[in-house]
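Engineer: Provide a 3D model corresponding to the input given below.
(chains A and B, ligands or ions: 1)
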Amino acid sequence: MKISNKKKKYFQTESIVLNLFNLGEADRIITLLTPNYGIIRAVANGVRKPNSRIGGHLDILNKINAYVRIGENLNNLSQADTIDGYGEIKQNLKKISLCFYILELSEKFSVENDPNNNIYQLLEEVLELIKSVENDELLIRWFEIKLLISAGFLPELYNCLISGKKLKEGDHVFSFNEGGLIDYHYYSESLNHSIILKKTIKATRFLVDNNWSNVNKLNISQKTINDIKIIMQRYIRTLINSRVNSETFLSLIHNN
Amino acid sequence: MVPLNNSQFFLTSLNRLIESFRRLPGVGPKTAQRLAFYILKMQEEDVKEFSDSLTDLKSQILYCDICQNISEKVTCEMCIDKTRDDSLICVVEDPMDIYVLDKAGIYNGTFHVLHGSISPSRGIGPEELRIKQLIERIEKNTNIKEIIIATNLNLEGEATGMYLQQILSHTKIKITRLARGLPSGSDIEYADQTTISHALNSRVDINENIK
Ligand SMILES: [Zn+2]
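Structural biologist: Next up is the predicted model:
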């Protein structure tokens, strides 16, 4: 979908700043995630200079009200006001590293000018949770799974993707190319497969079906959380066909 | 059929030059063409001088073995200068920031250039910056009393500052952050002298709030 509506030259939208790139002398290209327009990229002129009216509002992670002028080639950000600067997050390096990761994932699973309100709302909800969360490892796992669902990549967790039959309770195999579980006896070392334990399957199903307040009450072992992490991150890499850059910094800060 | 593109009318070498100009900050396609045609008309020796200076820039400019600023010698002028207080190190993202901070005239310590800031989604972590060199420098020079973190006031600059503070927290060195007066979101490179002086004078100790 394109937003090039001839009559509409401006629009105003709530958005979260995913990324900023320096452009030319003092400009920046800003990448925004919006509820109704998907990803929007726009040039923000002169914002690296201290006298810029809008520069102070443009930081990665900020939730802003953006006023965008639609251009033929490039959009232009003409005005911006901060709705939430996430000050509680920005004072904590651990939380920041978490945000870099979830922002990068949100960008990778969103499409330019293709609205996906679910991804926006999920991101908004998770940022709110990060402000005060204790169990951040579990929160990232929950976010990854909910993001996959929002983007239309819910992994199959009940029926074997090869035979189509309902899987019996037990250990099985996650096929990354197939996008979900297959029966244990289809396992092949040479294929993009990984064994997934019964416990991990159950916990993953729970994450799929529940909101955060339920998940947060759950007592999942560190080992299972880590097993979910390994499976989900490999599944994500298969889907986007590249690695998630922020993973490195996230583990550097979290393993310290 | 492929639509006719303006550039197809030009020679390959001219096109290459136009493309090179286009990569420079603030240069659009029109300006790039104008510059390239200007060079085409220049005297041969002038063009030679110009192109030599470009190649020399990369091959002859080194990074100072102490502060990592770009330098023509192994150790830069600033680090050799005995009138500078080498118990102070001001850590900046880019060489340009040094000129701005130094021009304010109230700081007479030394600098350290990281050559960027932590930007995880672009694959830039601590390893990609000259942080290792800063640590080595601190280990070698026991005279260092204070590290002033002067990274940009945005999420990536702050993350870089916090990371430095974390890895230096075991030392006895005082760690301060350039603070007040600098509007958030703007680059230090563009700050005026009064603002810089104020930010340097009002720098805050950040060792305390880590615990
Ligand atoms: Zn030097």
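Engineer: Which residues of the stretch 151-256 of chain A lie near chain B?
Structural biologist: Residues of the stretch 151-256 of chain A found near chain B (CB under 8 Å from any CB of the partner chain) are A:245, A:246, A:248, A:249, A:250, A:252, A:253, A:256. Quick note: C-beta positions are derived from backbone N, CA and C, even for glycine.
Engineer: And the residues you listed, which of them are buried?
Structural biologist: When those are checked for burial by 16 or more other CB atoms under 10 Å in any protein chain shown, the buried set is A:245, A:246, A:248, A:249, A:250, A:252, A:253.
Engineer: Okay, and which of the residues you listed map to helices?
Structural biologist: Those of those mapping onto helices are A:246, A:248, A:249, A:250, A:252, A:253, per DSSP state H.
Engineer: possible to save the residues of the stretch 151-256 of chain A next to chain B as a markdown table with pLDDT?
Structural biologist: Output for those, formatted as a markdown table (pLDDT from 0 to 100):
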| residue | pLDDT |
| --- | --- |
| A:245 | 94 |
| A:246 | 96 |
| A:248 | 95 |
| A:249 | 96 |
| A:250 | 95 |
| A:252 | 95 |
| A:253 | 94 |
| A:256 | 68 |
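Engineer: from the residues you listed, which two are the most distant?
Structural biologist: A:245 and A:256 (18.9 Å; CB to CB).
Engineer: Which helix or strand contains residue A:29?
Structural biologist: Per DSSP states H and E: residue A:29 is located in strand A:27-34.
Engineer: which outside residues touch that strand?
Structural biologist: Strand A:27-34 is contacted by residues A:13-23, A:39-48, A:58, A:64, A:66, A:77, A:106-107, A:110, A:115, A:119-120, A:123 when judged by CB atoms under 8 Å, 6 or more residues apart in numbering or on different chains.
Engineer: Output the ones in helices among the buried ones among the residues of the stretch 151-256 of chain A next to chain B as a markdown table; include the columns distance to residue B:139.
Structural biologist: Output for those, formatted as a markdown table (distance: CB to CB, whole Å):
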| residue | distance to residue B:139 |
| --- | --- |
| A:246 | 30 |
| A:248 | 25 |
| A:249 | 24 |
| A:250 | 28 |
| A:252 | 21 |
| A:253 | 23 |
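Engineer: among these, which are in reach of the ion?
Structural biologist: Taking CB under 5 Å from the ion as the test, the ion is in contact with none of those.
Engineer: residues near residue 23, how many?
Structural biologist: You didn't say which chain, so I picked chain A. For residue A:23, the neighbour count with other CB atoms under 10 Å in any protein chain shown is 18.
Engineer: please go with chain B instead
Structural biologist: When counting by other CB under 10 Å, one arrives at 8 neighbours for residue B:23.
Engineer: Just the pLDDT for it.
Structural biologist: Residue B:23 is assigned a pLDDT of 81 by the prediction.
Engineer: show me where the chain has strands.
Structural biologist: Answering for chain A, as no chain was given. Secondary structure of chain A by DSSP state E: the strands cover A:10-23, A:27-34, A:38-44, A:63-69, A:75-84, A:172-175, A:180-182, A:193-196.
Engineer: The chain in question should be chain B.
Structural biologist: Under DSSP E, chain B gives strands at B:62-63, B:70-71, B:85-92, B:109-113, B:146-149, B:174-177, B:204-205.
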